[in-house]
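# Predicted structure and sequence below. I'll ask about it afterward.
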Amino acid sequence: MPTADIVLTAAGVRTLDPGRPHATAVAVKDGTIAAVGDEHDVHPWRGPDTVSIDLPGATVVPGLTDSHSHPVWGLEMATGTDLSSVRDLGRLRTALRAAVPNDGWITAYGLDHNVFGGKPVDRDLIEDVLGGAPAFIRLYDGHSALVSGAALRAAGIDGPGPSSSGPPWCATARAVPPGT
């Protein structure tokens, strides 16, 4: 039998298996869970190079699980054109050109800043494909967005200015907000 790289014990393990929702030990081999149960179940997975970690009082959950959710905000964050599979600027421009406006606005979500190929995220790189429509594009992190010049004008933003929630609005050296 192969041996585990890591064995976690003395933990409260949530399995998400209705037949066995709780366990106290996990064995991991090559980044994959190899055994779940109690000390008896993971013991055969121990070897001389296995790292054993006791986690009394800790809770172990499967997968990459988000610890919180904002259902209403989550729905809003997935409104418009899905950009999560876009990997370069050309495809971004194509997707935005084909986007269907909602109440005159182009909305999109899931944009990875890496599509800009190391260039600063700037509305000038997409402005010409928007047809003058205001656009609000959420980046994948959920904390950033790119907006068009029309969206900035709709918000009354035309240069650097005060902000009630932090630093002044971001603006380029030419005193024009880049839309981020």
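All right, it came through fine.
# drop to CA atoms for contacts and neighbour counts, all remaining ones
Noted.
# gap between Asn102 and Leu83?
Asn102 sits 16 Å away from Leu83, going by C-alpha to C-alpha, to the nearest Å.
# So the two - more neighbours on which side?
Higher neighbour count among Asn102 and Leu83: Leu83, with 20 against 10, using other C-alpha atoms under 10 Å.
# my read: that one touches Val115, true?
No. Here Leu83 does not reach Val115: they are 10.3 Å apart, not a contact under C-alpha atoms under 8 Å.
# anything in contact with each of the two?
The contact sets of Leu83 and Val115 overlap at Leu92 (C-alpha atoms under 8 Å, 6 or more residues apart in numbering).
# Return the distance of the least confident helix or strand in the chain by mean pLDDT from the chain's centre.
For the chain, using mean pLDDT, DSSP states H and E, the weakest element among its helices and strands is helix 71-77, scoring a mean of 72. What separates the centre of helix 71-77 from the centre of its chain is 14 Å, taken as C-alpha atoms, centre = their mean, to the nearest Å.
# what comes into contact with that helix?
In contact with helix 71-77 (C-alpha under 8 Å, 6+ apart) are residues 109, 138, 142.
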